[in-house]
Every structure is written in C-alpha cells, then in structure tokens.
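*Asks:* What follows is a predicted protein model with its sequence.
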Amino acid sequence: QLQLVESGGGLVQPGGSLRLSCAASGRTSEYYAVGWFRQAPGRGYEGVACISQNDHSTYYRDSVEGRFTISRDSAKNTVFLQMNSLTPEDTAAYYCAAAYSESMCVIGSRGWYDYWGQGTWVTVSS
C-alpha cells in the first residue's frame, strides 16, 4: 500500500504561484503513477495532471496546460505540482492520488487510482 501526504497549499494572489508536494510512503519500491485532482466548493472532482513512473510522461487538463507543471523526484518518492499564473478559478482542495502502474497514468478518472492523500487547500484571492 501507499500513503500519500500533500503539502504546499495556501492563500495566493491572482497571478501568483504555489508548489504542491505529494510525499509517498509505504510500498514505494514498485512503479506507481500519480495524479492530481481538485475539488472546488460546490463542484465535482477534476483531474488536473498526472505523471507516469517509467518515462515521466505527463498529461494536463486543458485549463491548466502551460500554467501547471507536474514532476517527480523518484529518489525522494515525491511528486510536485508547480502552479503558476493562478486565477480565482483555481481555488479548490487539491488531492494527489496514486496507482501501481509502470507505464501509464490516467487523468480525470478517480476510479483508476487506489490511494489518496488528505488534500491541501489552495485559495486564489486578492
């Protein structure tokens, strides 16, 4: 099993940046993909980005493409989500999720992921 802990959320002004981290522990010796999801107040979950294990392939939802960057430090079992040019529409609870997979990740499908963190809030407001 994997345990995931997110950090890095907070309050930021429009146009600002934040970097979220997702630290994994437990059975990290096997390949696993990681995805970031978010849930804004009164809205459903949205897949934001995901990254595979073997070749670090990345995928993004259209609304964050070019502004967000997902990356991973395999030695530290940590995945990052660098978020730039933030807008109030990015305000949400952000969750990382993981699934054992060597060569792929799936963006936007909550059911594909087996392990979830507790979430971290991002508020974009002036």
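*Replies:* Happy to help now that I have it.
*Asks:* all contacts plus neighbour counts: C-alpha atoms, from now on.
*Replies:* Noted.
*Asks:* Find the centremost residue of the chain, please.
*Replies:* Trp36 (2.5 Å; Cα atoms, centre = their mean).
*Asks:* you'd agree that residue is up against Ala99?
*Replies:* No. Trp36 lies out of contact with Ala99 (Cα atoms under 8 Å); the separation is 11.9 Å.
*Asks:* which residues touch the residue nearest to the centre of the chain?
*Replies:* By Cα atoms under 8 Å, 6 or more residues apart in numbering, Trp36 lies in contact with Gly47, Val48, Ala49, Cys50, Leu81, Tyr94, Tyr95, Cys96, Ala97.
*Asks:* Please report which of those residues has the highest neighbour count.
*Replies:* Cys96 (31 neighbours; other Cα atoms under 10 Å).
*Asks:* and whichever strand or helix holds that one, which strands flank it?
*Replies:* Taking DSSP states H and E as the definition, one finds Cys96 inside strand 92-100. Take DSSP bridges as the rule and strand 92-100 pairs in its sheet with strand 32-39 (antiparallel), strand 115-116 (antiparallel), strand 120-124 (antiparallel).
*Asks:* want to throw these into TSV with mean pLDDT and distance to Ala23?
*Replies:* Below are the strands paired with strand 92-100 laid out as TSV (pLDDT from 0 to 100; distance: least, Cα to Cα, whole Å):
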stretch	mean pLDDT	distance to Ala23
strand 32-39	96	11
strand 115-116	96	11
strand 120-124	98	13
